[in-house]
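Q: Below is the structure, and that's it, no one-letter string:
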């Protein structure tokens, strides 16, 4: 039997008992994992160095190598994250609803684990620990498929997790790492409906698109963010500038950073030069449409491609519109349904924006950078869903759960 | 442009304004649809007769032709269903959660429509009206793809719906019927991620499996039910017999009917012959394992295939077990995660069953036949989900919705 099927079967078999582990049992396992990460730091760093050496030999770009590196600080951060997850409240077993029917039956809707989660990700070994612990906390087994360039690191981390679980009440089999990273095996994993309840891809656009297109297992899509800030006629100038600078520059490489600022023509006439200056002071390259370039002449011309691009960099497109409707239409055409903000003092326009923009998170007078499980107060984040089924926006622990109905009767039959 | 893309675009364009239609506007449209169904009954029946004539000519089985038939009574029932849906509370706009963050932002989680629902179904024209009205009530546009054998009926029904919507505030474009029923077009529809937010297949196992396997659009899987009744040692004999007879015979052709009865050996020794007699009095054919056939000698031998089969007929498999663990293991191996019942007076066994059986609906001392949106009190049913993502078990109106986060601030930026 292939490695994939063997490990998928082990994960599924272990999942059957996981849903009834107590919160204490699960939290004890998380603490043991944290302890082992700390006491086995040297082993992890040693194995990680093999991946780094390979990556350097293959001439990987510096940014990619940086993501691969595990050092004392990063391992310590992982251990801290585990302890924080242990402190979160456990959603499993929560009774979400309970009601009686006229025939006397009682119906309860109860939170249960999903079962087995398939995780497909790129060369970030921290995802190995993060995915394992979030799944464990929610009573799920997990089948991990990382990148071959992080294989030594991932194997070391899963070895450490297994040694921790051995001392706990959680079966080691609940965490499985695929060592065969071939495309063929990935393609087979996409069709494992008999073993996997969900697939979660974490990584770049291409990875996610491949999983969405090819998987028959249900997918939790975490996607790209082409986010907009709309500065309305009545926007407070300083607030609008502060929010735009923040949404673009505080961390340009993430999905909730702004990529286009849409500016009302009247506001632009009075304030665009100042906005441009503030952004340029933060080393932002600006690409404007014709009307923006009439007001602020030092902008590069924007092309159609600019409206579509998630720069993930210190570049911002600037579009001038005549009213809130045109802003909403632009977002409807180019947005990816992630995070969209309106800066205005006009209540009607807030309502219009909230009602007519279709996105996971809509902001009034606030930076788009808050679309994040921790900023929302969830205490954890599986990712940010850009799909509409199951979970939308930042996903906390409940996104890794399902429900079942429990019906209690005294002999009721259907008439 | 193909019919598929043209209609998908129209559906998507109309969906943008649907989420903000008021409950009154939507309900008025439902009532107009009901009125038009009644006043245009003759037209509908005329068109339906063309499908019936074709079906007879092609030698369709009687049961299939029966599903196709539209008569006064059935059209009246459809109109009644529309009025009942109008009376249901509207989930759209509900604020599900609201909280403040330490930085002063307020976050609301609000219910919104999914967007555009793709519906793929077989030769039951009533699904056309049902799907259109449930989608309309939840602010969704719908792209319908029925069976070519019901095309005249479906076109007539959608014509009638369009004439009703013309008088309402809901755009006609919100309900689109595909007339090209080729496999190629279906395959193209499975990949319409740019236009469809979800695909819902309604029909037989093969249809559903094809959609699940081939679709890159997220699917709401409504599936087969290989449901079990476990009669424990302490079960009240008469209650166990009544429930088993009900779960098997009250309507054998549906997914929540029982297909196997698992009987504790001690209970079997005392009561199996009586259970067998009661079932045979209801014309049920019984297929037993060796131990069952020792106690009740007039059973057909069961094969491995019997444990796997959803008979959807008056046939029931009988399995003897030594304890609740063996019953749970059998269900774990052969169940489809739909509806499972335990009949017992032993509280520990109820808990064990509820904790360890993985299914959408678990029953204690109750017939499995109650797994149904109407029996659960939802007032509507999109189908019964056998997947774990988004919705599980009977799906009412909320299954056709998503959520968005609304964040209100006063200039908050991320530090």
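A: Everything's here; your move. Small disclaimer: the values here were computed from a predicted structure and weren't measured.

Q: contacts and neighbour counts: CA atoms only from here.
A: Will do.

Q: Give me the buried positions along stretch A:32-45.
A: Within stretch A:32-45, the residues scored as buried using 16 or more other CA atoms under 10 Å in any protein chain shown are A:32-38, A:41, A:44-45.

Q: Cross those residues against helices and list the overlap.
A: The members of the buried residues of stretch A:32-45 that map onto helices under DSSP state H are A:32-38, A:41, A:44-45.

Q: Could you tell me whether residue A:306 really is in a strand?
A: No. Counting by DSSP: H, G, I helix; E, B strand; the rest coil, residue A:306 is not part of a strand but helix.

Q: which ones are touching it?
A: A:287, A:317 (CA atoms under 8 Å, 6 or more residues apart in numbering or on different chains).

Q: quick one: residue A:334 from chain B, how far?
A: According to CA to the nearest CA, to the nearest Å, residue A:334 and chain B sit 12 Å apart.

Q: my read: that residue touches residue A:308, true?
A: Yes. Counting by CA atoms under 8 Å, residue A:334 touches residue A:308, with 5.7 Å between them.

Q: Find the residues that touch each one of those two.
A: Residues touching both residue A:334 and residue A:308 by CA under 8 Å, 6+ apart: residue A:226.

Q: what's around the nearest residue to residue A:4 once chain neighbours are set aside, how many residues?
A: In space, and not counting its chain neighbours, residue A:4 is closest to residue A:178: 6.7 Å by CA to CA, 6 or more residues apart in numbering or on different chains. Here the number of neighbours of residue A:178 (other CA atoms under 10 Å in any protein chain shown) works out to 20.

Q: from what I can see residue A:178 touches residue A:3, true?
A: Yes. Counting by CA under 8 Å, residue A:178 does reach residue A:3; the two are 7.3 Å apart.

Q: Please identify every residue contacting each of the two.
A: What both residue A:178 and residue A:3 touch, as defined by CA under 8 Å, 6+ apart, is an empty set.

Q: Give me the pLDDT value at whichever residue of chain A sits closest to chain B.
A: Relative to chain B, the nearest point of chain A is residue A:390 (3.6 Å; CA to the nearest CA). Per-residue confidence (pLDDT) for residue A:390: 96.

Q: if I pick it, what's in contact with it?
A: Taking CA under 8 Å, 6+ apart as the test, what residue A:390 contacts is A:399, B:389-391, B:402.

Q: Could you list the low-confidence segments of the stretch 301-415 of chain A?
A: Counting by pLDDT under 70, the stretch 301-415 of chain A shows no low-confidence range.

Q: Can you identify each of the strands in the stretch 101-250 of chain A by residue range?
A: Applying DSSP state E, counting those that start in this stretch to the stretch 101-250 of chain A gives strands spanning A:106-113, A:116-121, A:141-145, A:175-177, A:198-202, A:227-231.

Q: Each with direction, which strands does the third one pair with?
A: I take that to be strand A:141-145. Sheet pairing of strand A:141-145 (DSSP bridges) gives strand A:116-121 (parallel), strand A:175-177 (parallel).

Q: about what we covered before: which one of the contacts of residue A:390 is nearest to residue B:379?
A: residue B:391 (16.4 Å; CA to CA).

Q: okay but residue A:247 is in contact with residue A:371, surely?
A: No. The pair residue A:247 / residue A:371 is not scored as a contact, 10.9 Å apart, by CA under 8 Å.

Q: buried set for the helix or strand harbouring residue A:293?
A: Assigned by DSSP states H and E, residue A:293 belongs to helix A:290-295. Judged by neighbour count using 16+ other CA under 10 Å, the buried positions of helix A:290-295 are A:290-293, A:295.

Q: hmm, who's touching that helix?
A: Against helix A:290-295 from outside (CA under 8 Å, 6+ apart): A:268-269, A:272-273, A:299-301, A:318-320.

Q: Residue A:334: neighbouring residues, count only.
A: Residue A:334: 16 neighbours (other CA under 10 Å).

Q: ok, now which ones touch it?
A: A:226, A:307-308.

Q: Residue B:37 versus that one, what's the distance?
A: Using CA to CA, to the nearest Å, residue A:334 is found at 40 Å from residue B:37.

Q: so the nearest residue to residue A:196 once chain neighbours are set aside bridges to which residues?
A: Once flanking residues are discounted, residue A:196 sits nearest to residue A:116: 5.1 Å by CA to CA, 6+ apart. Counting by DSSP bridges, residue A:116 is bridged to residue A:141.

Q: Please list all residues in contact with residue A:116.
A: Residue A:116 touches A:11-12, A:15, A:140-143, A:195-198, counting by CA under 8 Å, 6+ apart.

Q: what separates residue A:374 from residue A:384, distance-wise?
A: Counting by CA to CA, the gap from residue A:374 to residue A:384 is 11 Å.

Q: Comparing the two, which residue is more hemmed in?
A: residue A:384 (26 against 14).

Q: The more buried one touches residue A:392, doesn't it?
A: Yes. Using CA under 8 Å, residue A:384 makes contact with residue A:392 at a distance of 7.2 Å.

Q: coming back round to it: make CSV out of the ones in helices among the buried residues of stretch A:32-45 and add distance to chain B.
A: As requested, those are arranged in CSV below (distance: CA to the nearest CA, whole Å):
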residue, distance to chain B
A:32, 26
A:33, 26
A:34, 28
A:35, 31
A:36, 31
A:37, 30
A:38, 30
A:41, 31
A:44, 32
A:45, 31
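
Q: how about a markdown table for those, with distance to residue A:237 and pLDDT added?
A: A markdown table is the format used below for these (distance: CA to CA, whole Å; pLDDT from 0 to 100):
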| residue | distance to residue A:237 | pLDDT |
| --- | --- | --- |
| A:32 | 52 | 98 |
| A:33 | 49 | 98 |
| A:34 | 47 | 98 |
| A:35 | 50 | 98 |
| A:36 | 52 | 98 |
| A:37 | 49 | 98 |
| A:38 | 49 | 98 |
| A:41 | 50 | 98 |
| A:44 | 51 | 98 |
| A:45 | 49 | 98 |
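
Q: Tell me where the longest strand sits in chain A.
A: strand A:401-412 (DSSP state E).

Q: and it, which strands flank it?
A: According to DSSP bridges, strand A:401-412 has the following sheet partners: strand A:106-113 (antiparallel), strand B:361-366 (parallel).

Q: contacts for the helix or strand harbouring residue A:85?
A: Per DSSP H and E, residue A:85 falls inside helix A:72-87. Residues outside helix A:72-87 that contact it (CA under 8 Å, 6+ apart) are A:26-28, A:30-31, A:33-35, A:37-38, A:41, A:126, A:129-130, A:133-134, A:137, A:379-380.

Q: How far away from the center of its chain is it?
A: Its chain's average C-alpha position is 18 Å from that of helix A:72-87, according to CA atoms, centre = their mean, to the nearest Å.

Q: And the next helix or strand past that helix?
A: Using DSSP H and E, the helix or strand that follows helix A:72-87 in sequence is strand A:95-100.

Q: How far away from the center of its chain is that following strand?
A: 30 Å.

Q: Which neighbouring elements make contact with that strand?
A: For strand A:95-100, the packing partners by 3 or more CA pairs under 8 Å, 6 or more residues apart in numbering or on different chains; DSSP states H and E come out as strand A:106-113.

Q: The strand it packs on versus strand A:95-100: what angle between them?
A: For strand A:106-113 against strand A:95-100, the angle by axes from the mean of the first three to the mean of the last three CA atoms, to 10 degrees is 160 degrees.
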